[in-house]
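Peer 1: Give me coordinates for this.
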Amino acid sequence: MALFGNPLTRSLVGIWYYFRDILWPVGLATWYPPDIQTGWGYWAAWAGLGILMLSAALALLAMRRGAGMAVVGIVWFWAAILP
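Peer 2: Below you'll find the model as predicted:
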């Protein structure tokens, strides 16, 4: 109870987890197997392609209107979500 009820020890455990995973990332997987149903007949593949095309169209539209920071935001979003 003292570990989970005390904000200080809860924060220290969180910090320990961050340092453990950064300095010795043995428990983290480096590769996850793909979905078995992946292929062009799978609806999620088409949804992903549609989302990618919509993002590219929005980035192109933002570049044409001079909103460069919107393009940076879109790239930042995809760079954060893809890995």
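
Peer 1: most centrally placed residue in this structure?
Peer 2: I81 (2.4 Å; C-alpha atoms, centre = their mean).

Peer 1: where does the protein have its least confident helix or strand?
Peer 2: helix 2-5 (a mean of 62; mean pLDDT, DSSP states H and E).

Peer 1: Which element is encountered next along the chain beyond that one?
Peer 2: Going down the chain from helix 2-5, the next helix or strand is helix 7-23, by DSSP states H and E.

Peer 1: so what secondary structure elements neighbour that next one?
Peer 2: Identification of packing neighbours for helix 7-23 by 3 or more C-beta pairs under 8 Å, 6 or more residues apart in numbering; DSSP states H and E yields helix 2-5. C-betas here are computed from N, CA, C, even on glycine.

Peer 1: where do the helices sit along this structure?
Peer 2: For the chain, the helices defined by DSSP state H cover 2-5, 7-23, 43-64, 68-81.

Peer 1: Fine, thanks again, bye for now.
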